[in-house]
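Peer 1: Predicted structure and sequence below. I'll ask about it afterward.
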2 protein chains.
Amino acid sequence: VIIGGGFGGYEAAHRLKKADVDVTVVDRKNHHLFQPLIYQVAAGALSEGDVAAPVRAMLKRQPNASVLMAEVTDIDVTRRQVVLDRGERLDYDSLIVACGGATSYFGHDEWRDVTCGLKTLEDALDLRSRIFGAFEEAERAPDPAARDEWLTFVVVGGGPTGVEISGQLAILSRQALKRDFRRIDPRTARVILLDAGERVVAAFTEPTSARAAKELSDLGVTVREHAMVTDIDAHGVSVKVGDQTERIATHTVVWAAGVRAAEVAGILARASGAGTDRAGRIEVNPDLTLPAHHEISVIGDAAKLDGPDGRPLPGLATVAIQEARHVADAIRHGGAGASTPFKYFDKGALAVVGRGRAVCEVRGRRLYGLPAFLMYCGVHLFYLGGVGGRRLTVLITTIGSLFGARENRVMPGELEAVDRNALSTPLTGS
Amino acid sequence: VIIGGGFGGYEAAHRLKKADVDVTVVDRKNHHLFQPLIYQVAAGALSEGDVAAPVRAMLKRQPNASVLMAEVTDIDVTRRQVVLDRGERLDYDSLIVACGGATSYFGHDEWRDVTCGLKTLEDALDLRSRIFGAFEEAERAPDPAARDEWLTFVVVGGGPTGVEISGQLAILSRQALKRDFRRIDPRTARVILLDAGERVVAAFTEPTSARAAKELSDLGVTVREHAMVTDIDAHGVSVKVGDQTERIATHTVVWAAGVRAAEVAGILARASGAGTDRAGRIEVNPDLTLPAHHEISVIGDAAKLDGPDGRPLPGLATVAIQEARHVADAIRHGGAGASTPFKYFDKGALAVVGRGRAVCEVRGRRLYGLPAFLMYCGVHLFYLGGVGGRRLTVLITTIGSLFGARENRVMPGELEAVDRNALSTPLTGS
């Protein structure tokens, strides 16, 4: 049984194609999501179908794999069964937990209701409605103050996701929408990226962070480092910079600051007694199995494993995929889980700032600007293309979107869904 | 002021591009919808962005046109003002009401909660989640009876929409999904098209209806004419055929039976004293203006006007577009509305049953099968291509979808949203 149909879960299932095993993939969603590009869905550059495909369709030509769209409610480690939301029980010989991550609000769960995360497809579609809704509201605003609030976009968190969405917001307001309105000038929109740390994309080296910040500024993003968010409500964000607290009036806050392991990791920890770190990730043996249960492996964002440098492995698709292969190969050779330590092969890191603007570091070498952007395109197309035979279409659409040819700015709903009052009520999932 | 950004509203605005007037288009939604293809969105063959484009983007290069995303709450015919949901008032010299149609349940509004309509983009996305959710539920079903209920799809209404979606459902279950499941065989799914009248697509001649019914049967659809729906709830549909009442157990009912004028037509009728027919459509002069208000014109699905044969003009995009041109041309020449009677130029009617299968009637000539299907493609691509400069991409995607190359079977949400219990609670908009 594999819990999760994301990068890790799908790769593990796929890798077991020719093994003499029965594979069941359980996922709450019906789709595998290409998460690195969902910010493009939020910005209206891609459709949801461009970044997601049904796990079921991806595994249709693998006869030993079946897929269940269901929620895991418990794991019975003694009887070796996964319990689903309607009481069904799935027996397993080996269990791979690849449940991925979820958004963390660092204890401020009330912020969930007044911000948009950027982890799921619903997040992206909700953010899209909020972004385009904000411009619509600004066009209708009764006075300049109200207009400016709607034209202010705050992104919290300067990691790759925060950098990508703020760059995209700047491009949207300064380029894509510039002719669309009559009462407002979208180019006056403010995009503010708040990062509590010393520099954006801190996983990169200092010169790369500086370059990313410069590219963002060139696009029109106000980058504010050392900016600690102390409060968020439906009308704005309070920020502490040094000793000063400041208020930014806005209705649109993107939360790209925190990641924790998804709920299933907590279920596993309770059921098996495994340890977790502060972000809820399961502490695993170097071979990715649980200390007390060799037949249970945890991979991807749900696993806490340190790299050779002593720092935890980053939450990247490539880590999850390599871990999936490590575990699946051991199972293919008859084990219940891996017995040799997992070794991460560092393929480098990439972040895109805007069309033709990206930063990239591979094994100590830095690449900026158009070359890095083309590398980004290449890597993403390579992975996207590998997913379930949708190669050609996806290639065409994605190239199109990255170069700005295609747009999807459709809001299925009406403005009520994104207006001021709605912001103070909890968001519904779909 | 133009109320509505659909076929009629957009065409009227566009036609006034070079006129010495200021045009304001008001729409609750941010998008113009290519309604004839939304059944493809429901069936997972197209993305929402393929059949919709922001009205704002379509009019961006027309400096005399502005767009407001707002709801009309009143029309003050004395002061010549349109009142919006936040109390704003828009002055007009001429008002074009092109608010379109909405789904009618013939007095059974409780059926709204247990069926899916197919008029709006939300309808289509909701139906998509229900269709794919039903297959997921069937795969998880605890017994054969439950499985069969989930694998039964009922379409109510044998007009072009009903014919198109039932054909598409048959193709989906028999072809697209045939390898995707392990516990169920999607090819055993039943697609039942219920029509209360004598024959499907009754606007066509009898041989054409018979041909459409035959094509549907060939695809695997059970076509039942003279079948009157008497009750619908979350567990099934009651049908009266002759003197016999029968029960079909299903969780997925598509309502494609009734159309009425959208709400704004009612507002206009109350405000102006104009007469309406049973479907809420406004009775207009032969020149499309209101009897008491020459400066107010009603076009498209909201207008009731009889053709030369004494029958009301059909609710087709081509009617709305021709009416829009008639009214806009009069305004362009200095009138407040048209003064000459509108004459409908009949371009024929088309309905598609499945890939390569369609029926078509143009001025008494009938065309069936592949030729009709190619004509259907041609006509749709022509219209779609004309919308807002998205020509090439749309051409490619649409050709792809019609020939089956592209698929979007993504359900953004989780299964809860489509399960049995949820069916008895009201559906939320987005």
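Peer 2: It's in.
Peer 1: buried ones in stretch A:365-376?
Peer 2: A:L367, A:Y368, A:A372, A:F373, A:M375, A:Y376 (16 or more other Cβ atoms under 10 Å in any protein chain shown). (C-beta placed from N, C-alpha, C; glycine too.)
Peer 1: Just list whatever residues bridge to the second one.
Peer 2: Listed beta-bridge partners, A:Y368: A:V359 (assigned using DSSP bridges).
Peer 1: rewinding a little: taking the buried residues of stretch A:365-376 together, which two end up most distant?
Peer 2: Longest distance between any two of the buried residues of stretch A:365-376 is 11.4 Å, between A:Y368 and A:Y376; criterion Cβ to Cβ.
Peer 1: joint contacts of those two?
Peer 2: Common neighbours of A:Y368 and A:Y376 (criterion: Cβ atoms under 8 Å, 6 or more residues apart in numbering or on different chains): A:A358, A:C360.
Peer 1: Look up the closest residue to A:K240, ignoring the ones flanking it.
Peer 2: Leaving aside its sequence neighbours, A:K240 sits nearest to A:M228 (Cβ to Cβ, 6 or more residues apart in numbering or on different chains; 4.5 Å).
Peer 1: list the buried ones in whichever strand or helix holds that neighbour?
Peer 2: Assigned by DSSP states H and E, A:M228 belongs to strand A:227-233. For strand A:227-233, a neighbour-count test (16+ other Cβ under 10 Å) marks A:A227, A:V229, A:I232 as buried.
Peer 1: So A:T73: helix, strand or coil?
Peer 2: strand (DSSP: H, G, I helix; E, B strand; the rest coil).
Peer 1: who are the neighbours in contact with it?
Peer 2: For A:T73, the contacting residues are A:V83, A:L84, A:D85, A:I267, by Cβ under 8 Å, 6+ apart.
Peer 1: Which pLDDT value goes with it?
Peer 2: With respect to pLDDT, A:T73 scores 97.
Peer 1: And A:T393, by the same measure?
Peer 2: 49.
Peer 1: For the closest residue to chain B within the stretch 201-350 of chain A, give me its contacts.
Peer 2: The nearest approach of the stretch 201-350 of chain A to chain B comes at A:E263, 12.4 Å away (Cβ to the nearest Cβ). By Cβ under 8 Å, 6+ apart, the residues touching A:E263 are A:C99, A:A102.
Peer 1: now swap in A:A336 and tell me
Peer 2: A:D93, A:S94, A:H294, A:E295.
Peer 1: State whether the second one and A:I331 are indeed in contact, as I suppose.
Peer 2: Yes - with contact defined as Cβ atoms under 8 Å, A:S94 counts as touching A:I331 (5.3 Å).
Peer 1: shared neighbours of the two, anything?
Peer 2: Residues touching both A:S94 and A:I331 by Cβ under 8 Å, 6+ apart: A:V21, A:G337.
Peer 1: how much space between the most centrally placed residue in chain A and chain B?
Peer 2: Centre of chain A computed as the mean C-alpha position; nearest residue by Cα atoms, centre = their mean is A:K119, 3.9 Å away. From A:K119 across to chain B, the span is 13 Å (Cβ to the nearest Cβ, to the nearest Å).
Peer 1: ok, A:H108 - how many residues close by?
Peer 2: A:H108 has 16 neighbours, counted by other Cβ atoms under 10 Å in any protein chain shown.
Peer 1: which residues touch the residue lying closest to it once chain neighbours are set aside?
Peer 2: In space, and not counting its chain neighbours, A:H108 is closest to A:I232: 7.6 Å by Cβ to Cβ, 6+ apart. When contacts are counted by Cβ under 8 Å, 6+ apart, A:I232 touches A:H108, A:W111, A:V114, A:T115, A:V156, A:S238, A:V253.
Peer 1: Among those, which pair sits farthest apart?
Peer 2: A:T115 and A:S238 (13.3 Å).
Peer 1: Compare these two (neighbour count), which wins?
Peer 2: Under the neighbour definition other Cβ under 10 Å, A:T115 and A:S238 were set side by side, and A:T115 has more, 27 against 14.
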